[in-house]
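Undergrad: below: sequence and its predicted model.
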Amino acid sequence: MPRSVSDQDLLRGLERATWRVGATTNDDDLFALILEAAGDIGYDSASLMVYDRASDALVVRAAKGAQLVGTKVAAGPAISWRAMERRQPIVLKGPAGPELPHTYTKNVPYAIVLPLLVGAKALGVLNVNRGAEPTESQVGFLRILAYQAAFAIERAGLYADLQLFTGQALSQEEESRRHIARELHDGLAPVIVSAYGILQNPGKTEADVKRATDFLRKAIQETRAIIGSVRPGTLEDLGLAGAISSVATEVAAEAGWEIEEDIGDIGPVRADAEAALYRATVEALLNAKRHAGAHKVTVKLRQDDAYLEIVIADDGQGFASEQWGEASATAGHFGLLHMRERIGLLGGVCKVASKPGEGTTVRITVPRDRVS
């Protein structure tokens, strides 16, 4: 049974919660602390749900009073989704109606649902169920706690992203260095040495000079290719939209595809983000060329206020994969894994839908504010 607490008790509880939540970066510890802090008003059961964009569902990450952790609530009429959409707390006098089949609020006298908001973005909800009607002070306490929780969850997510992206960036930087070193050692250096050896020969003939000149021309081509592997020239000349259109047309001509483009104006994109998005697109096109056996390929580049999206779809032979999942190394699609790493550095996702005989769709989605 919920206990009676004074406003002074609630204020002390907020002070404790502020200090403890602010000092925690581990997700599980953070979620548990939030529910513990909510317990200061007294509740029969409670849960914290976080929005998972990949499944478009709210996922229970912590719960008291029921074994609910891991439960998913798909977008729909549930009270949790109503609070998310309204961006306002909801106090429901139960029992909840049959239109809420996916919540556990059906048989509790009072359900309090608070969206976890950072600015206009809703990260999830805090659900508190009580046998007694909450006071204005208690709802106010939960509202403040929800704001604190939202900012702490956002901060913890950013901290985790920073650690992940730092490791990935260092790994990619080292791989780029190894790639350039291999290109210089195996490609450019032998060509230059060959030209130098010919030109150093005091008995060289006109044919030798011509051969040395051919070697030097090849060295120039190799140098341009190495520079292009670091920063493709088409990005400098055409921008991301133009570069994607250009490479799609080029690969389509080589593969004999019919190409369909829906490439819109996306505005300015940071140079490093341009390069990552361009390379991921090229990788997807080359994978289709190598493996798909396609007749038609569609390339789309579009954005809204929140996300930038690139879609590469072919009508080829496809392969077995999880629906909208990520290709695994065991499937032999290592290029798709590299794409995922590149896009992950931008806080985005790279997903693949493919079935044997039904073609393949690669969907690259990144937050707009991470690439501007």
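TA: On my side now, so go ahead. Because the structure is predicted, anything quoted here is derived from the model rather than measured.
Undergrad: which residues touch residue 294?
TA: 255, 257, 288, 314-316, 359 (Cβ atoms under 8 Å, 6 or more residues apart in numbering). C-beta here means a position set from N, CA and C on the backbone, and glycine is covered the same way.
Undergrad: would you list these in CSV and tack on secondary structure and pLDDT?
TA: Output for the contacts of residue 294, formatted as CSV (DSSP: H, G, I helix; E, B strand; the rest coil; pLDDT from 0 to 100):
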residue, secondary structure, pLDDT
255, helix, 85
257, coil, 87
288, helix, 84
314, strand, 89
315, coil, 88
316, coil, 85
359, coil, 86
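Undergrad: now rank these by neighbours and give me the top one.
TA: residue 314 (27 neighbours; other Cβ atoms under 10 Å).
Undergrad: ok, which stretches of the stretch 201-350 of the chain are helices?
TA: 206-230, 233-255, 271-287, 334-344 (DSSP state H, counting those that start in this stretch).
Undergrad: which parts of the protein belong to which domain?
TA: Using automatic domain parsing, the domain parsing of the chain gives 7-163, 234-372.
Undergrad: what's stretch 268-285 in contact with?
TA: Contacts of stretch 268-285 (Cβ under 8 Å, 6+ apart): 231-232, 234-235, 239-240, 243-244, 247-248, 251, 297, 299, 308, 310, 312, 335-336, 338-339, 342-343, 345-346, 350, 362, 364, 366, 370-372.
Undergrad: just the buried residues out of the residues you listed, in ChimeraX syntax.
TA: Here is the ChimeraX command that picks out the buried ones among these, judged by 16 or more other Cβ atoms under 10 Å:
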select :232,234,235,239,240,243,244,247,248,251,297,299,308,310,312,335,336,338,339,342,343,345,346,350,362,364,366,371
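Undergrad: what part of the protein, helix or strand, is modelled with the least confidence?
TA: helix 7-22 (a mean of 63; mean pLDDT, DSSP states H and E).
Undergrad: show me the shaky parts of the stretch 201-350 of the chain.
TA: 224-225, 227-231, 320-338 (pLDDT under 70).
Undergrad: quick one: stretch 356-366 to chain centroid distance?
TA: Distance of stretch 356-366 from the chain centroid (Cα atoms, centre = their mean, to the nearest Å) equals 16 Å.
Undergrad: pull the CA atoms of it into CSV?
TA: Once non-C-alpha atoms are left out, stretch 356-366 reads as follows in CSV (Å, rounded to 0.1, in the frame of the first residue of the first chain):
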residue,chain,number,x,y,z
PRO,A,356,16.0,-15.3,-52.2
GLY,A,357,14.4,-14.4,-55.4
GLU,A,358,13.0,-11.1,-54.2
GLY,A,359,15.9,-8.7,-54.5
THR,A,360,17.7,-6.7,-51.8
THR,A,361,17.0,-3.3,-50.2
VAL,A,362,19.7,-1.4,-48.3
ARG,A,363,18.3,1.4,-46.2
ILE,A,364,20.8,3.9,-44.6
THR,A,365,19.3,6.3,-42.1
VAL,A,366,21.2,9.0,-40.1
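Undergrad: other residues contacting it?
TA: Against stretch 356-366 from outside (Cβ under 8 Å, 6+ apart): 273, 277, 280-281, 284, 287-288, 292, 294, 307-320, 324, 336, 339, 343, 346-354.
Undergrad: can you tell me which of the helices of the stretch 201-350 of the chain is most buried?
TA: helix 271-287 (a mean of 21; mean count of other Cβ atoms under 10 Å).
Undergrad: roughly how far out does it sit from the chain middle?
TA: For helix 271-287 - counting by Cα atoms, centre = their mean - the centre lies 15 Å from the chain centre.
Undergrad: hey, what's the angle from it to helix 233-255? Just curious.
TA: Relative orientation of helix 271-287 and helix 233-255, computed by axes from the mean of the first three to the mean of the last three Cα atoms, to 10 degrees: 10 degrees.
Undergrad: now helix 271-287 - C-alpha only, PDB.
TA: Extracted in PDB, the C-alpha atoms of helix 271-287 (Å, rounded to 0.1, in the frame of the first residue of the first chain):
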ATOM      1  CA  ALA A 271      32.500  16.700 -45.300                       C
ATOM      2  CA  ASP A 272      33.200  13.600 -43.100                       C
ATOM      3  CA  ALA A 273      29.500  12.700 -43.200                       C
ATOM      4  CA  GLU A 274      29.400  13.200 -47.000                       C
ATOM      5  CA  ALA A 275      32.300  10.800 -47.400                       C
ATOM      6  CA  ALA A 276      30.800   8.100 -45.100                       C
ATOM      7  CA  LEU A 277      27.400   8.300 -46.800                       C
ATOM      8  CA  TYR A 278      29.000   8.300 -50.300                       C
ATOM      9  CA  ARG A 279      31.200   5.300 -49.500                       C
ATOM     10  CA  ALA A 280      28.300   3.300 -48.000                       C
ATOM     11  CA  THR A 281      26.200   4.000 -51.100                       C
ATOM     12  CA  VAL A 282      29.100   2.900 -53.400                       C
ATOM     13  CA  GLU A 283      29.500  -0.300 -51.300                       C
ATOM     14  CA  ALA A 284      25.800  -1.100 -51.600                       C
ATOM     15  CA  LEU A 285      25.900  -0.500 -55.400                       C
ATOM     16  CA  LEU A 286      29.100  -2.600 -55.800                       C
ATOM     17  CA  ASN A 287      27.500  -5.400 -53.700                       C
END
